[in-house]
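Colleague: need coordinates for the following:
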Amino acid sequence: MILLQERTISEIVDCPYLTGVESRLEFFLASSLDENELDELLCKGWRKFGYFFFRPVCSECLKCVPIRVRVDMFTHSKNQKKLIKRNKNIKVKFGPIKYSDDAYRIYCDHSLNRFSQDSDIETFLFNFYSPSSLAFQSEYYFEDQLIGVGYLDRSGEALNSVYFSFDTSFSNLSLGAFSILKEIEYAASLNKKHYYLGYYIDENKRMRYKNRYFPNEKYDWNKEQWILDMEALSDKEFGKDYIRI
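Modeller: Sure, this is the predicted structure:
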């Protein structure tokens with residue numbers, strides 16, 4: 001790993017995920033990470049965009065919980081199996097990161113219509129096309145039209161989902177949920193143990209989808225260890241509904 005900037009604590013700002021809560025990050029810049037170095041950071045709750053690595057260090061809040069799926073134990077729910085069947089005509093490709101105008105168009109559309117956020121090409125290229133570790137992308141096609149793009153990192157034991165955006169005119173296909181299933185499937189084909197989904201906040205409705213993929217593990221910041229979510233596995237919504245791949 002080549003360290004480009006030492007670890008720094010950011011200023012206190014309003015939390016982008018919870019109303020009325022203050023947020024603070026620890027961050028650094030680095031490049032040329034090998035698979036083991038990335039594993040170590042992911043295991044300690046770090047996230048990344050390009051060369052920018054970060055994790056929350058909020059003084060009075062530990063609600064941003066890192067979450068990862070146990071690929072080696074993953075099971076589909078009936079709804080997830082139905083989604084895969086419904087999208088059987090979607091072609092999915094995995095390969096090296098490669099910029100295209102269509103990928104940027106999809107990102108701009110997704111940012112504006114899903115989050116009411118404007119986009120700029122410099123931030124887009126920095127976040128997704130300035131790799132600091134082994135990176136690649138997933139592409140989703142409907143009748144030869146690119147309709148979704150995902151960005152991932154590969155470590156020694158895991159795939160790390162960085163971001164996924166889709167053409168919002170295809171919202172009826174539930175491409176976000178579909179992409180997670182396909183990327184877990186791809187992680188299994190690579191014999192990876194984990195699939196990282198970023199941070200999960202139960203109080204944030206937009207993040208609750210991350211807790212629909214089981215078994216999953218959540219990181220305990222205080223204990224500095226990953227806890228297997230067994231309670232959710234016994235929940236009536238999921239228990240008998242799961243069939244092993």
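
Colleague: would you confirm that S174 contacts Q80?
Modeller: No: judged on CB atoms under 8 Å, S174 makes no contact with Q80 at a distance of 10.0 Å. Every residue, glycine included, has its C-beta placed from N, CA and C.

Colleague: pLDDT of stretch 78-92, averaged?
Modeller: Stretch 78-92 shows an average pLDDT of 97 in the prediction.

Colleague: go on, stretch 48-60?
Modeller: For stretch 48-60, the per-residue pLDDT averages 95.

Colleague: got the contact list for that stretch?
Modeller: Contact with stretch 48-60 is made by 4, 9, 15, 21-31, 41, 44-47, 64, 126-133, 153, 160, 162-163, 199, as judged by CB atoms under 8 Å, 6 or more residues apart in numbering.

Colleague: of the residues you listed, which belong to strands?
Modeller: 4, 9, 22-23, 25-31, 47, 153, 160, 162-163, 199 (DSSP state E).

Colleague: are any of those buried, and which?
Modeller: Buried members of those, counted by 16 or more other CB atoms under 10 Å: 23, 25, 27-30, 47, 153, 160, 162, 199.

Colleague: in this protein, where is pLDDT below threshold?
Modeller: Within the chain, the stretches with pLDDT under 70 are 230-245.

Colleague: hmm, 90 instead?
Modeller: 59-60, 229-245 (pLDDT under 90).

Colleague: show me where it has its helices.
Modeller: Ranges of helices in the chain, per DSSP state H, are 35-43, 78-86, 101-115, 121-128, 175-189, 230-233.

Colleague: not counting residues beside it along the chain, what's closest to F27?
Modeller: Distances taken as CB to CB, 6 or more residues apart in numbering put F54 closest to F27, at 4.2 Å, once the chain neighbours are dropped.

Colleague: next, count neighbours for the one you found.
Modeller: Number of residues near F54 (other CB atoms under 10 Å) recorded here: 16.

Colleague: just S10 next, same as before
Modeller: Residue neighbour count, defined by other CB under 10 Å, stands at 13 for S10.

Colleague: same question for Y129.
Modeller: 16.

Colleague: same deal with the one 3 residues further on?
Modeller: Counted by other CB under 10 Å, the residues lying close to S132 total 22.

Colleague: that one touches S31, doesn't it?
Modeller: Yes: contact criterion CB under 8 Å: S132 and S31 qualify, at 4.6 Å.

Colleague: and S174 and Q80? Which one has more around it.
Modeller: More crowded of S174 and Q80, by other CB under 10 Å: Q80, with 21 against 16.

Colleague: residues touching that one, list them.
Modeller: With CB under 8 Å, 6+ apart, Q80 has these contacts: 177, 181, 212.

Colleague: also S165?
Modeller: Contacts for S165 (CB under 8 Å, 6+ apart) come out as 106-107, 109-111, 148-149.

Colleague: beta partners of it?
Modeller: V149 (DSSP bridges).

Colleague: and it, how far is that from H194?
Modeller: Computed as CB to CB, to the nearest Å, the S165 to H194 distance reads 23 Å.

Colleague: do F115 as well
Modeller: Distance from F115 to H194, by CB to CB: 27 Å.

Colleague: can you check Y141 too?
Modeller: In terms of CB to CB, Y141 sits 27 Å off from H194.

Colleague: neighbour count for those two, which is higher?
Modeller: Just comparing Y141 and H194: by other CB under 10 Å the higher neighbour count belongs to H194, 23 against 14.

Colleague: name the nearest residue to the more buried one, ignoring sequence neighbours.
Modeller: A158 (3.9 Å).

Colleague: residues in contact with the one you found?
Modeller: 39, 42, 68, 71, 187, 192-196.
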